[in-house]
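> after the sequence you'll find the predicted model.
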Amino acid sequence: MTPMPPSQQPSAARQLARRLPAPIRRAGRSLLSSGRSETAQAPRPSLDEIGIRTGTDKSSELHDYLATYESVFRHLRDESIQLLEIGVHKGSSIRMWEEYFPHAQLFGVDISPECRQYASDRISILIGDQSRTAFLERLAKKLRPTIVIDDGSHVWSHQIETLQKLLPVVRPGGFFVVEDIHTSFGEDYAKVYGRGSGETAFDYVSRIAESITAGTRAGAPSDDFDAYCRRTVESVQFIKNSAILHKKAFPQRKYRVRSVAELSDAAQTRDAGGSYPRPDAELVDASPEILAAFEALRGDGVVSVPQAVSAELADVRVVGNGLALTRDGKIVDETLNCARNLTRGSGMFQVVKDQLWVNEVPIEVHERIPAQDGRHHVLLKQTWDANYGHWMIDTLPKVGLLRDVADLSTCTFVLNEQPTPAMQRVVEDSLGLFGITSDQLMFLDRATYEFERLIVLGHLTRHPVSKSPLAIAVLEEAASTVEPREGARRIYLTRHGVQRRRLVNEPEVLEVLAEYGYEVVATEDLSVRDQIATFRSASHVIGVMGAAMSNLAFSPRGVSVLALATEAMKHDYFYDIVCLKEGRYRGLQGVAVAPPADIAADFSVDIAHLHDSLAWLHDDAH
């Protein structure tokens, strides 16, 4: 008989057990089996028990948050989630979460570098200052947490901005906890945590809760974030010293901004004009804020224009007013020209300017539009294109980029349905300048459409601060088929038929302008071709800043312009056009006749300063 190898021989204890009577052996096995069963069924420690052991002040021995937290988070205990906690301090809380969530990836944020000592295989320690917007934005770009716990500075403004920056990137169905929100109460806490804030963190979160609770009875949103929360937050729960916001569970995705150059291997690049000068201009009666904004715009007096990049992309979703999304979570930069100036629009919310967006409503494809053999779909939908100026300056010139991508006659243009018949005619007539016919136009509503193939054209303007020389050249070429009205003319643009930003002392202004031979023009009464003809012969233009002044793109080189502005109106958009026309520009700021004194306010201008400005405008030396 072959001897059993030593490794397989029974131990001395097992040999002894074999000598025991069978009933005793069976009883022993039963006892061992019972012990294993009891061990397997032993209850897991509660969050509070773990918290007491790690020493966190959140436990029942001090603040007593953890029983409530566990009732809210229990269903996530064995999930693979990200948890972000702001405020690491001595590490007792982050260690508690590490034990309670055995499969979670944990991120602890603290201002003190000493907190790095609490890092582990599943805990990442990020050093940064919660008061810095840029740091919060880096967190928003980096993380996709299911739970965020703000146990940081407790300063009201920090709590509010942290909520604004990080709630949008919390996963659907996730939670944001504003901890120690009781610092919003009492004069003693106000001195420490208020720091001049106009609103407490509790009041801010309460307004969000009120909006959600009121539902359709709620008033207008107090800000864009309030509006975002109304669409994405399921509930707000106030507990002892804290508030818990619970996000709705519909798919809410992060969309990172990417250029078509990064999304296509066949992108076409076009020189948009290189650079152009920005000469000085005098602003009369302007506030220090308006003057500072103008100087910042001028910079060193030269504008450098990047190249325009266009491409045909596959499987693109067009949402709302024309934002283009890819299936893998990118938002196409070339569709954000005007939209980048908004925090929210087209069902999207901008978290980090020019870098990161999230959807605030479910993205459901209304219709998939297949590619057509021998033809191309071209995106000309754009935010604010229901405005004459934004259509003519920010959208229409893109047609000039098509020569690098496709034959114009093979293109179908994807456009926004316009709110008025007049604007619909503007779109059709202006595209007609390029030989584009009505059967090439596809007007769509604001639903989501997915295109099998879609041409996205590059940037030719960057609202509101710059337009490329190529954009103006494209418009000038298109307008060359329109005969200018005879003679060099002086025109005044009235907004009398518009319901905002009206010049209330216009009769006095017109008396002065009559001495200089100015003709009053109401552009809303003119067709596109008539507006072009009027401006092609206009040597001097005066008017209240508005969409009509976009026609300066059709004016002669060297045009002289006096822009009448509300006290809050900056000089950027139309001044920039005049720079490209090598013209002269002066701004005359007015005074609002009633609050609020914003860019829509009706206003009046100083007549004496109008006389001075006219003397400048008609200086024989120029």
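Thanks, I have the structure now.
> low pLDDT regions in the chain?
1-41, 620-622 (pLDDT under 70).
> and the residue nearest the centre of it?
Note on the chain: the residue nearest the mean C-alpha position is Gln350, at 2.2 Å, using CA atoms, centre = their mean.
> in a helix, that residue, correct?
No - counting by DSSP: H, G, I helix; E, B strand; the rest coil, Gln350 is not part of a helix but strand.
> can I assume it is in contact with Asn359?
No - at 11.3 Å, Gln350 does not count as touching Asn359 under the criterion of CB atoms under 8 Å. To be clear about C-beta, it is placed using only N, CA and C from the backbone, and glycine gets the same treatment.
> okay, the nearest residue to Phe603 once chain neighbours are set aside and Asn387: tell me how far apart.
Among residues not flanking Phe603 along the chain, Gly590 sits closest, at 3.8 Å (CB to CB, 6 or more residues apart in numbering). Between Gly590 and Asn387 the computed distance is 22 Å (CB to CB, to the nearest Å).
> likewise Tyr118?
54 Å.
> more crowded one of these two?
Tyr118 (20 against 17; other CB atoms under 10 Å).
> my read: the more buried one touches Glu85, true?
No - with contact defined as CB under 8 Å, Tyr118 does not reach Glu85; the gap is 10.8 Å.
> shared neighbours, these two?
Ile94, Gly108 (CB atoms under 8 Å, 6 or more residues apart in numbering).
> show me the domain layout of the protein.
As assigned by automatic domain parsing, the chain contains the domains 47-247, 254-272+307-469, 482-617.
> how about the helices in the stretch 51-200 of the chain?
Assigned by DSSP state H, counting those that start in this stretch, the helices in the stretch 51-200 of the chain fall at 66-73, 92-100, 133-142, 156-166, 187-189.
> I'd like to know which of these lies nearest to Ile181.
Closest approach to Ile181 among the helices of the stretch 51-200 of the chain is made by helix 156-166 (7.1 Å; CB to CB).
> tell me where the stretch 401-550 of the chain has helices.
Using DSSP H, counting those that start in this stretch, helices in the stretch 401-550 of the chain cover 421-432, 469-479, 506-514, 528-536.
> how about the last one: buried residues?
Put plainly, it is helix 528-536. Using 16 or more other CB atoms under 10 Å as the test for burial, helix 528-536 gives Val528, Arg529, Gln531, Ile532, Ala533, Thr534, Phe535, Arg536.
> contacting residues around the last one?
This means Arg536. Ala479, Val482, Glu483, Pro484, Arg485, Phe554, Ser555, Pro556.
> tell me which two of those residues sit farthest apart.
Maximum pairwise distance among the contacts of Arg536 (CB to CB): 14.9 Å, between Glu483 and Ser555.
> could you turn the buried ones of the contacts of Arg536 into a ChimeraX selection?
The buried residues among the contacts of Arg536 can be selected in ChimeraX (16+ other CB under 10 Å) with this line:
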select :479,482,484,485,554,555
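> which one among the contacts of Arg536 gets closest to Gln372?
Ala479 (31.1 Å).
> right, and that closest one touches Ser430 too?
No - between Ala479 and Ser430 there is no contact under CB under 8 Å: 9.7 Å.
> in space, what's closest to Leu402 - neighbours in sequence excluded?
Leaving out its chain neighbours, Leu402 is closest to Leu408 (CB to CB, 6+ apart), at 5.6 Å.
> now do the contacts for the one you found.
Val399, Leu402, Phe434, Gly435, Ile436.
> how about a cut-off of 7 Å?
Leu402, Phe434, Gly435, Ile436 (CB atoms under 7 Å, 6 or more residues apart in numbering).
> wait, which of these is closest to Ala615?
Closest to Ala615, out of all of those and judged by CB to CB, is Phe434, at 41.4 Å.
> spit out the contact partners of the closest one.
Phe434 sits in contact with Val399, Leu408, Ala478, where contact means CB under 7 Å, 6+ apart.
> same thing with Asp354?
Applying CB under 7 Å, 6+ apart, the residues near Asp354 are Val257, Arg340.
> before we move on, what about the one 3 residues further on?
The contact partners of Trp357, by CB under 7 Å, 6+ apart, come to Tyr255, Ile331, Met348, Phe349, Gln350, Val351.
> same question for Arg485.
Ala533, Thr534, Ser537.
> repeat that for 8 Å
Contacts of Arg485 (CB under 8 Å, 6+ apart): Ala533, Thr534, Arg536, Ser537.
> and Tyr575, by the same measure?
Applying CB under 8 Å, 6+ apart, the residues near Tyr575 are Ala281, Phe294, Leu297, Ala563, Tyr585, Gly587.
> the second one looks like it's in a strand, true?
No - inclusion of Phe294 in a strand is not indicated when three-state DSSP is applied; the result is helix.
> I figured it hits Leu283, correct?
Yes - between Phe294 and Leu283 there is a contact at 6.0 Å, judged by CB under 8 Å.
> joint contacts of those two?
What both Phe294 and Leu283 touch, as defined by CB under 8 Å, 6+ apart, is the set His571.
> what is the burial count for Glu364?
Here the number of neighbours of Glu364 (other CB under 10 Å) works out to 9.
> what's the burial count for the nearest residue to it once chain neighbours are set aside?
Distance criterion CB to CB, 6+ apart; nearest residue to Glu364, sequence neighbours excluded, is Thr448 at 6.3 Å. Neighbour count for Thr448, taken as other CB under 10 Å: 21.
> just to revisit the earlier point, and the furthest pair within the buried residues of helix 528-536?
Val528 and Arg536 (12.4 Å).
> pull the longest strand from the chain.
Using DSSP state E, we find that the single longest strand of the chain is strand 308-319.
> coming back round to it: contacting residues for the residue nearest to Phe603?
Gly590 touches Asp285, Leu503, Leu564, Ala565, Thr566, Glu567, Phe603, Ser604, Val605, Asp606, counting by CB under 8 Å, 6+ apart.
> give me that answer again for 10 Å
285, 501, 503-505, 544, 564-567, 569, 597, 601-606, 609-610 (CB atoms under 10 Å, 6 or more residues apart in numbering).
> great, nothing more from me.
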